[in-house]
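Undergrad: okay, sequence plus prediction incoming.
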Amino acid sequence: MNDSYHGGDPLYDLRHSTAHLMAQAVGELYPGVKYAIGPPIEDGFYYDFELPEPIREEDLPRIEDKMREIAARDLPIVREEMRRPEARAFEERADQPYKVALIDDLPEGEVISFYRQGDWIDLCRGPHVPSTGALKHYKLLHTAGAYWRGSEKNRMLTRVYGTAWPSKAELDAYLNRLEEAKARDHRKIGKELGLFVFAPESVGSGIPLFLPKGEMLRHVMESYVREVQTRYGYQHVWTGHLVREDLYKRSGHYDNYADVMFPPMRDEDANINYRLKPMNCPSHMTLYNHSGLRSYRDLPLRFAEFCTLYRYEKSGELNGLTRVRSLTQDDCHIFCTEDQIESEFKLALALIQEVLSRYGFQDYRVRLSLRGEEPGGKYVADDEKWSKATNALRSALDSTGVAYYEAAGEAAFYGPKADFMTNDVLGREWQISTIQVDFIQPARLGCKYIDEEGKERTPVVLHRAVTGTTERFLGVLIEHYGGDFPFWLAPQQIALIPIADRHQAYANEVCTALRAAGFRAEVDSRNEKMAKRIRENELQKVPVQLILGDRDIENGTVSIRRRGAGDLGAKSLEDAIAYFREQAAS
RNA sequence: GCCUCUGUGGCGCAGUGGUAGCGCAACGGUUUUGUAAACCGUUGGUCCUCGGUUCGAAUCCGAGCGGAGGCCCCA
């Protein structure tokens, strides 16, 4: 939800009214405050203020106390209406420049509504709860800076976020959910499980350094997607990390993407600038162009690549693994005819569905991102091609019956796209997969194929990523699983615990057999009590532990402890391997 | 980049003006163990950096760098 919210949902009305309550409290505590906007949002609300002095996090309880005091007055919340000139004059007298600006922006119409509670009044479309006494279960969460009207050219205001719920139980449940999310933070778990580190040496920490277990996760994830892609008829290619800058001038990226490219590297002798590759598309199209003349019989042609790209993200944008400067896309470019767009889209959809389901993401929604209203701007102008591409996507989505919604102004400069949003176990939404139609770049870079009538034509390109980037997806996965990865994905699948030194040789022997069978196993031979090693391997979330002692040597067995299920008892090595194969498949 | 907050041994933390402490880890030793923490001992910190205030700074102030939450962006 955003400030385009028009009311009607009781939960949102409650949050909207709580935002007003907070604004009134802030007004009483900070005379001279200027109010901007205060909408309800997913799970809560915020209000933007311009303040004579900053609000700090430790001031929030004081504001909450004042809110409770105002709520206890049980002030009726009353709608009032003014004609536009009176409303404008009213806010000018009140020295509320942001409200004046909002009024000037409202669509033509004579009547403008305000909501009053006691002696406090705010420009607002409403609706609201009947009285401040109805507001009981809320909490202010944190403060943040936010630009007026969301533009970095404007003044930065102080935004206070809060949450509000109809009952104490729901409020507590929500606060618990926040705590749980904090405990699952991938940066925290990544450190605890020894997956990756951020070193100050790695340029503003936009470059994660992966430890052996983290690299194993990357490897397993990439191998899996590679296997699926091969099965779906994709071909994997490799185009490296450096690209001549003139390619990006021809593709259009130089004009549209320059701010996220690292500065050029210069070859003075040859008078050539090179760039670290920020995207694969132009490279794949170059590969297409220089690997023989293509006919319609060669299409669709699907070039996939796992390559690390480099983007010069602003320092304040960096965030753990979910926003980095070196990112590895599971990228693919599908060269096809216009007639093949729909079937290729469906094939990609099936692939995405299979992969997301393997990772335990049950359902997803699609956001169809289209060109904005205004012609020109960042979008390459060619109305016919835009509408053709847009219709192809709509048609493919309609025929597959996937739920989707449209977002104007969110498209890439070269065409519309479909982004796949999914929710993790905590209900948070993530954008992962994407499919983008491109009628522009193939033409710019001179991609051709010969059609049935022997004529040269320009192929359509679908840009497609399944997991998006390995880094971000891993971050999402860590939080999704809380670090407790399924057996097939776990960087270490099996820990072998020899009870005493004399069991060491047997443990090594079993470990060798398990590795030969394709499992990721390690012997924990530290001189610690068995129970301590079990505890630590549990905390490291190793899915299976094999306890090996005198009884096992005597009977030729292994004693299996499965994380989550406990002691499964002794099995022969063959039975154990069969059990692990079963675990790896599920 | 912008706003607010923040920075103490490998990790998690305590210490608010009188030149640093705890737990875990690491290391040495004892122990040889059957399903979530054996015992004893020992290392290890120019308290992010630079500058200032002060007789004296981990502690106060300023700048820089890093981190967190947001904003603008975005895979």
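TA: Perfect, thanks for sending it.
Undergrad: in the stretch 451-586 of chain A, what residue lies closest to RNA strand B?
TA: Residue nearest to RNA strand B within the stretch 451-586 of chain A (CB to the nearest atom of the strand): A:G549, separated by 2.6 Å. From N, CA and C alone the C-beta is placed, and that goes for glycine too.
Undergrad: was I right to think that residue contacts A:A500?
TA: Yes. Shown here, A:G549 and A:A500 form a contact pair, counting by CB atoms under 8 Å, at 7.2 Å.
Undergrad: find the nearest non-adjacent residue to A:Y364, please.
TA: With sequence-adjacent residues excluded and distances taken as CB to CB, 6 or more residues apart in numbering, A:Y364 is closest to A:T422, at 4.1 Å.
Undergrad: residue contacts, that neighbour?
TA: A:L356, A:F361, A:D363, A:Y364, A:R365, A:E429, A:W430, A:I432 (CB atoms under 8 Å, 6 or more residues apart in numbering).
Undergrad: give me the mean pLDDT for whichever strand or helix holds it.
TA: Taking DSSP states H and E as the definition, A:T422 sits inside strand A:417-423. For strand A:417-423, the mean pLDDT works out to 83.
Undergrad: partners of that strand, with directions?
TA: Using DSSP bridges, the strands paired with strand A:417-423 are strand A:364-370 (antiparallel), strand A:429-438 (antiparallel).
Undergrad: what would those strands look like in CSV with distance to A:N280?
TA: CSV is the format used below for the strands paired with strand A:417-423 (distance: least, CB to CB, whole Å):
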stretch, distance to A:N280
strand A:364-370, 20
strand A:429-438, 12
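Undergrad: pick the most deeply packed of these.
TA: The highest average neighbour count among these, using mean count of other CB atoms under 10 Å, belongs to strand A:429-438 at a mean of 21.
Undergrad: next structured bit after that one?
TA: helix A:441-444.
Undergrad: and that following helix, what does it pack onto?
TA: helix A:245-251, helix A:281-289, strand A:460-469 (3 or more CB pairs under 8 Å, 6 or more residues apart in numbering; DSSP states H and E).
Undergrad: most tightly surrounded among those?
TA: By mean count of other CB under 10 Å, those have strand A:460-469 as the most buried, with a mean of 25.
Undergrad: can you pull the contacts of the residue nearest to A:F196 when sequence neighbours are not counted?
TA: Take A:F196 and drop its neighbours on the chain: the residue closest to it by CB to CB, 6+ apart is A:G214, 4.2 Å away. Taking CB under 8 Å, 6+ apart, we find A:G214 in contact with A:G190, A:G194, A:L195, A:F196, A:L474, A:P491.
Undergrad: ditto for A:E92
TA: So A:E92 contacts A:V100 (CB under 8 Å, 6+ apart).
Undergrad: for it, what is the enclosing helix or strand?
TA: Element membership for A:E92 (DSSP H and E) is helix A:84-93.
Undergrad: return the set of buried residues in that helix.
TA: A:A87, A:R88, A:F90, A:E91 (16 or more other CB atoms under 10 Å).
Undergrad: return the distance of that helix from the chain's centre.
TA: Relative to the mean C-alpha coordinate of its chain, helix A:84-93 is positioned 43 Å out (CA atoms, centre = their mean, to the nearest Å).
Undergrad: what is the neighbour count of the residue nearest to the residue of the stretch 451-586 of chain A closest to RNA strand B when sequence neighbours are not counted?
TA: On the basis of CB to CB, 6+ apart, the spatially nearest residue to A:G549 that is not a chain neighbour turns out to be A:I499, at 3.9 Å. Neighbourhood size, A:I499 [other CB atoms under 10 Å]: 18.
Undergrad: A:I499 contacts A:L548, correct?
TA: Yes. Proximity of A:I499 to A:L548 meets the contact threshold set by CB under 8 Å, at 6.6 Å.
Undergrad: kindly format the C-alpha coordinates of the strand holding A:T422 as CSV.
TA: Only the C-alpha atoms of strand A:417-423 are listed here, as CSV (Å, rounded to 0.1, in the frame of the first residue of the first chain):
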residue,chain,number,x,y,z
LYS,A,417,9.0,-7.5,-18.3
ALA,A,418,7.3,-10.0,-16.0
ASP,A,419,8.8,-10.3,-12.5
PHE,A,420,8.0,-13.2,-10.2
MET,A,421,7.3,-12.3,-6.6
THR,A,422,7.3,-15.0,-4.0
ASN,A,423,6.9,-15.1,-0.2
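Undergrad: tilt between that strand and strand A:460-469?
TA: Interaxial angle of strand A:417-423 relative to strand A:460-469 (axes from the mean of the first three to the mean of the last three CA atoms, to 10 degrees): 20 degrees.
Undergrad: pull out the buried positions in strand A:417-423.
TA: So, applying 16+ other CB under 10 Å, buried residues of strand A:417-423: A:K417, A:A418, A:D419, A:F420, A:M421, A:T422.
Undergrad: in the stretch 101-250 of chain A, where is pLDDT below threshold?
TA: Counting by pLDDT under 70, the ranges of the stretch 101-250 of chain A that qualify are A:202-205.
Undergrad: what does the stretch 1-150 of chain A have sitting close to RNA strand B?
TA: A:P54, A:R56, A:E57, A:H142, A:T143, A:A144, A:G145, A:A146, A:Y147, A:G150 (CB under 7 Å from any atom of the strand).
Undergrad: taking those residues one by one, which sit in strands?
TA: If you go by DSSP state E, those have A:H142, A:T143, A:A144, A:G145, A:A146, A:Y147 in strands.
Undergrad: which of those are buried, as a ChimeraX select command?
TA: Selecting the buried subset of these in ChimeraX, with 16+ other CB under 10 Å as the burial test, is done by:
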select /A:143,146
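Undergrad: the stretch 301-450 of chain A: helices as residue ranges?
TA: Taking DSSP state H, counting those that start in this stretch, the helices of the stretch 301-450 of chain A run over residues A:341-358, A:383-400, A:441-444.
Undergrad: what's the mean pLDDT across the helix or strand hosting A:R581?
TA: According to DSSP H and E, A:R581 maps onto helix A:573-585. When pLDDT is averaged over helix A:573-585, the result is 97.
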